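A.B. asks: Fold the following.
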Amino acid sequence: MLKSEALEQLSAIADDDNRDFEDFAAAYKTMEEVVKEYPELSHYVLPIVVQTAADKGFNADIRPAAARVFNAAALNLPAEDVVKNVVRAFKRCPPFAYYLMPDLLSGRPELSAALFPEAEAGLAKIEANCVYSAAAAAKAALLCASDREAAAMLDSAFRPAKEKEDFSRVLYRSLGQIYSRHPALKEQIFSLLETPRLLKPQNYDAFYSNLGQIGLFDAGERGRVIGLLSSYLQKGGNTPASLTAAYKAVGEMMAAADDKRELETVMRTGLQNAANDTVSRKTAWRLLGDYDNLCSRVSFCRRVEKSADNEFGLQRVETIDAGELGVLLLGGDGTRSEKALNGYLGDVYRLLKEHGLHEKAAVYGVVYDFGDFMNVGFARRRQMEKYGRNIRIDRDGSEVCRGNFRQVSFAADFNRPRPTASERGRGGFARPAFKHRCSLSRRLYGTQAGRDDAGENERTGLYAGRAAAGAETAADNGAVAVLSARSVAVDVCVFCFGFG
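C.D. replies: Numbering: from 1, shown residues only. Just a heads-up that it's a prediction; the model follows:
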């Protein structure tokens, strides 16, 4: 390409004001070639990039190409020319200006002090979805600045102002990284970390992550970090996500520490917080090497009223009372969390309510935790192979279809007498598992099976109390039949007990 041709092409790009995506892509490719072949033309390229970025058809998909051209050209120009064009970008298209700043400053770190005020001034003009780009630009400027410049930037960035609320909250998450670049500012940064306006419960996860980065970088301040972690891990505003972030932060410090006992104590302090859930506890147990707690287990729950302290309305229980009327759902790996179980039990409750049984029948379910030592996918695959998952299902309900359901043997297992704790080992047997007969009302494979097999259940006597008389009993048994007919889930079993 001749230099005159390059100038003509740049002029044509500048004059075009009606571009589609392909036109933008071709224009930036041309400008990239011009900058590479004729660096002295970079002072023409920068204004054109800013102009095109403000055009109507410019979007986030083409933004990386535009930023790449801008930053390549900026390497060839004096600082004042670059700053002038970035200022124009902030006036005409702030999202693009924020986007290009991190890469621009990595190549021209001396521009950080001049561009940071422009980035702050642009906050009043951007939409909420640009806050993260603005914070990334500010972080880049802070990391490139001198200690003195960074101190002034931090003061300005975290000064209370309405337009800076979201920006400060996002930038707060980078204080640990900023500390590792400017350890001389440690007192200022520690003060910002505990500023009440910034340290709200929803920001605890960022607080813990920052402390972890500081403790990992500066062993001399590790005692201070441990003290703050111990103090805040006991507070009530924590969530499972924030506690998980705390455990990960402590775990990173443990990997670098010679004496891990104090850090282990901090983690065990966090485990005492009632806000922990399965994920946060497992995170801590893995880091502590507490493998006994990582084995498979189940939690037996009863559906109760939801409240602020009980989001999913589940109460842990140990047993079902003899003679109680209720429904037990076994969801397998479909109920691996309380949230998932809540969804299933809600469906069962609404069905009971349709038949006027919701006040009489309790609803129970099981949360399954398969632990760290079970390959659930492999186990499911083998189970499906064993029980004919791949056998063609006749939707008309043939003998082949019914032959693939294990309801009789499965229900028999639950009705088989079990040894009590006192009788175990002596050959004695107690009453059936649930102290009364269980009726299996939903099998493993879906709606057609539930409908086809309802009659089979009646013939084999799997519905408890079928022979009992009375209108109330008949209504109860009718609801049980509806549970069977409405079966829609895969690998979910529902047992109804005490009906009749």
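A.B. asks: can we go C-alpha only for contacts and neighbour counts from here?
C.D. replies: Fine.
A.B. asks: and residue 298, what helix or strand is that in?
C.D. replies: Element membership for residue 298, per DSSP states H and E: strand 297-303.
A.B. asks: cool, residue 287 as well?
C.D. replies: helix 278-288.
A.B. asks: that older thread, list the neighbouring strands of the strand holding residue 298 plus their orientation.
C.D. replies: In the sheet, strand 297-303 lines up against strand 314-316 (antiparallel), strand 362-369 (antiparallel) (DSSP bridges).
A.B. asks: List the buried residues of that strand.
C.D. replies: Residues of strand 297-303 classed as buried by neighbour count (16 or more other Cα atoms under 10 Å): 299, 300, 301, 302, 303.
A.B. asks: Run the angle between the helix holding residue 287 and strand 362-369 for me.
C.D. replies: Angle between the axes of helix 278-288 and strand 362-369 is 30 degrees (criterion: axes from the mean of the first three to the mean of the last three Cα atoms, to 10 degrees).
A.B. asks: and residue 238, what does it touch?
C.D. replies: 201, 204, 275 (Cα atoms under 8 Å, 6 or more residues apart in numbering).
A.B. asks: I'd like to know which of the residues you listed is nearest to residue 34.
C.D. replies: Residue 34 has its nearest neighbour among the contacts of residue 238 in residue 204, at 48.9 Å by Cα to Cα.
A.B. asks: With the flanking residues excluded, which residue is spatially nearest to that closest one?
C.D. replies: residue 242 (5.6 Å; Cα to Cα, 6 or more residues apart in numbering).
A.B. asks: my guess is that neighbour contacts residue 208, does it?
C.D. replies: Yes. Contact status for residue 242 versus residue 208: in contact at 7.5 Å, counting by Cα atoms under 8 Å.
A.B. asks: out of these two, which sits in the more crowded spot?
C.D. replies: Between residue 242 and residue 208, counted using other Cα atoms under 10 Å, residue 208 has the larger neighbour count: 28 against 24.
A.B. asks: Confirm for me that the more buried one is in contact with residue 229.
C.D. replies: Yes. Between residue 208 and residue 229 there is a contact at 7.1 Å, judged by Cα under 8 Å.
A.B. asks: Need the overlap of contacts for these two.
C.D. replies: In contact with both residue 208 and residue 229: residue 246, using Cα under 8 Å, 6+ apart.
A.B. asks: Quick one: classify residue 336 as helix, strand or coil.
C.D. replies: With DSSP: H, G, I helix; E, B strand; the rest coil as the basis, residue 336 sits in coil.
A.B. asks: Test my guess that residue 329 contacts residue 368.
C.D. replies: No. Here residue 329 does not reach residue 368: they are 11.7 Å apart, not a contact under Cα under 8 Å.
A.B. asks: follow-up on the earlier one: tell me which two of the buried residues of strand 297-303 sit farthest apart.
C.D. replies: Farthest pair in the buried residues of strand 297-303, by Cα to Cα: 299 and 303, 12.7 Å.
A.B. asks: and stretch 128-147, how far out from the chain's middle?
C.D. replies: 25 Å (Cα atoms, centre = their mean, to the nearest Å).
A.B. asks: Check which residues of that stretch are buried.
C.D. replies: 130-147.
A.B. asks: what's the answer for stretch 253-267, then?
C.D. replies: For stretch 253-267, the buried set under the neighbour-count rule, 16+ other Cα under 10 Å, comprises 253, 254, 263, 264, 266, 267.
A.B. asks: can you tell me which of those residues lies nearest to residue 31?
C.D. replies: The shortest gap between residue 31 and any of the buried residues of stretch 253-267 belongs to residue 253, at 47.5 Å (Cα to Cα).
A.B. asks: if I've got this straight, that closest one is in a strand?
C.D. replies: No. According to three-state DSSP, the state of residue 253 is helix, so it is not within a strand.
A.B. asks: How about the contacts made by it?
C.D. replies: Here residue 253 is in contact with 212, 215, 216, 263 (criterion: Cα under 8 Å, 6+ apart).
A.B. asks: distance of the last one from residue 256?
C.D. replies: Relative to residue 256, residue 263 is positioned 11 Å away (criterion: Cα to Cα, to the nearest Å).
A.B. asks: Same question for the first one.
C.D. replies: In this structure, residue 212 and residue 256 are 11 Å apart, going by Cα to Cα.
A.B. asks: Same check on the third one?
C.D. replies: Taken as Cα to Cα, the spacing of residue 216 relative to residue 256 amounts to 7 Å.
A.B. asks: how near is residue 43 to residue 78?
C.D. replies: In terms of Cα to Cα, residue 43 sits 10 Å off from residue 78.
A.B. asks: So for those two, which residue has more residues nearby?
C.D. replies: Higher neighbour count among residue 43 and residue 78: residue 43, with 18 against 10, using other Cα under 10 Å.
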